[in-house]
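Participant: predicted model, plus sequence, below.
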Amino acid sequence: MSAEVIDGKAFAATIREKVATHVGRLKEEYGITPGLAVVLVGEDPASQVYVRSKGKQTVETGMASFEHRLAAETSEDELLGLIDRLNTDPAVHGILVQLPLPDHLDSDLVINAIDPAKDVDGFHISNVGLLGTGQKSMVPCTPLGCLMMLRDHHGSLSGKEAVVIGRSNIVGKPMAQLLLGDSCTVTIAHSRTQDLPGVVRRADIVIAAVGRPGMVTGDWIKPGATVIDVGINRIDAPEKGEGKTRLVGDCEFDSCAEVAGAITPVPGGVGPMTIACLLANTVTACCRANG
Ligand code: GUN
């Protein structure tokens, strides 16, 4: 292996320390405690793990955590009623509705009911528009975490060829906007892209966010490129014992690491950065709400 492994876990810990310091100052100097409300509808196992982790880290950094766990059959009206109450609750500075929502709920309607100033996910249409036009907005946490790692590794990203694989609203599209904001030449590739390996081979920066285990292999990577693996895929791991599983990314780590200049591991890369950025966004929302 020749690539430097970018340690997202350690980086996230430094962000959490800064968040905790900031939270302490807000409490001491202004008597304000930032608060994050997380809403989970239903019992999706992966979502439950994420929500528990978000709540735990919110409390660990000195903020208030408000968890709302609703039954899978919760009606749209009930959910919108809760969001209304959170929008007007002065103790709540950030609101996150964990996705995916059950099928009978309209995610766009629900997300757009959140006060954009409290939309710490950056998914509200107002924040999407602000980001797309280069204005101050709430920035989605996963792409923000990726950008922070890239800036830390490279310094300036200006002029670099970036290929984002995946066109989701949560990762692919905002990631492309952020890279464009840092003056990269950006390509968004997706399932219909022709000659995907050839497109990826042009990239100085590869962001893989497709949810397909090990799809990107070392022969797709330009020597020395930086590979940011957003995928978190649980696969069977019979080598660990019967019924065991393990987490892998969208990139085949060993072959990509042979060729890349730097690469994020899974787990321990992008994942921890996402929650750290959520905590940072909550402090930002709190500061903006209090002038
Ligand atoms: N589900 C997977 N990632 C995310 C995220 O970043 N925010 C929310 N709200 N739901 C998610």
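Facilitator: Great, that's in hand.
Participant: contacting residues around whichever residue of the stretch 51-200 of the chain sits closest to the ligand?
Facilitator: For the stretch 51-200 of the chain, the residue closest to the ligand is residue 99, as judged by Cβ to the nearest ligand atom, at 3.7 Å. Using the backbone N, CA and C atoms, a C-beta is placed for each residue, glycine as well. The neighbourhood of residue 99, defined by Cβ atoms under 8 Å, 6 or more residues apart in numbering, consists of 47, 107, 170.
Participant: and it, what's its pLDDT?
Facilitator: Predicted confidence (pLDDT) at residue 99: the value is 97.
Participant: and the one 4 residues further on, by the same measure?
Facilitator: The per-residue pLDDT reported for residue 103 equals 98.
Participant: identify each buried residue in stretch 261-275, please.
Facilitator: Neighbour-count burial for stretch 261-275, with 16 or more other Cβ atoms under 10 Å as criterion, is recorded at 261-266, 268-275.
Participant: please apply the same query to stretch 232-239.
Facilitator: By neighbour count on 16+ other Cβ under 10 Å, the buried set for stretch 232-239 is 232-233.
Participant: can you give me the end-to-end span of it?
Facilitator: 19 Å (Cα to Cα, to the nearest Å).
Participant: pull the distance from it to the chain's centre.
Facilitator: A distance of 22 Å separates the centroid of the chain from that of stretch 232-239, by Cα atoms, centre = their mean, to the nearest Å.
Participant: scan this structure for its longest helix.
Facilitator: helix 8-30 (DSSP state H).
Participant: in strands, which of the contacts of residue 99 fall?
Facilitator: Using DSSP state E, the subset of those located in strands is empty.
Participant: which parts of the stretch 101-250 of the chain are strands?
Facilitator: 161-165, 185-189, 205-208, 226-229, 233-236, 245-248 (DSSP state E, counting those that start in this stretch).
Participant: as TSV, those with mean pLDDT would be great.
Facilitator: Formatted as TSV, these follow (pLDDT from 0 to 100):
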stretch	mean pLDDT
strand 161-165	99
strand 185-189	98
strand 205-208	99
strand 226-229	99
strand 233-236	96
strand 245-248	96
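Participant: so which helix or strand takes in the residue nearest to residue 247 when sequence neighbours are not counted?
Facilitator: Nearest non-adjacent residue to residue 247, counting by Cβ to Cβ, 6 or more residues apart in numbering: residue 267, 5.1 Å away. Here residue 267, judged by DSSP states H and E, is contained in no helix and no strand.
Participant: phi, psi of residue 267?
Facilitator: Taking degrees, to the nearest 10, you get phi -80, psi 180 for the backbone angles of residue 267.
Participant: surely it and residue 248 touch.
Facilitator: No. If you go by Cβ atoms under 8 Å, residue 267 and residue 248 don't touch, sitting 9.2 Å apart.
Participant: quick revisit: what would the strands of the stretch 101-250 of the chain look like in JSON lines with distance to residue 36?
Facilitator: Converted to JSON lines, those look like this (distance: least, Cβ to Cβ, whole Å):
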{"stretch": "strand 161-165", "distance to residue 36": "28"}
{"stretch": "strand 185-189", "distance to residue 36": "30"}
{"stretch": "strand 205-208", "distance to residue 36": "26"}
{"stretch": "strand 226-229", "distance to residue 36": "25"}
{"stretch": "strand 233-236", "distance to residue 36": "26"}
{"stretch": "strand 245-248", "distance to residue 36": "25"}
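Participant: may I see those strands organised as TSV, with distance to the ligand added?
Facilitator: Below are those laid out as TSV (distance: least, Cβ to the nearest ligand atom, whole Å):
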stretch	distance to the ligand
strand 161-165	16
strand 185-189	18
strand 205-208	15
strand 226-229	15
strand 233-236	13
strand 245-248	14
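Participant: ok, for residue 44, nearest residue in space, not its chain neighbours?
Facilitator: Among residues not flanking residue 44 along the chain, residue 100 sits closest, at 7.2 Å (Cβ to Cβ, 6+ apart).
Participant: list the contacts for that neighbour?
Facilitator: Residue 100 is in contact with 44, 47, 107, counting by Cβ under 8 Å, 6+ apart.
Participant: of these, which are in range of the ligand?
Facilitator: Residues of these in contact with the ligand (Cβ under 6 Å from any ligand atom): none.
Participant: what about these, which are in helices?
Facilitator: Within the contacts of residue 100, residues falling in helices by DSSP H are 47, 107.
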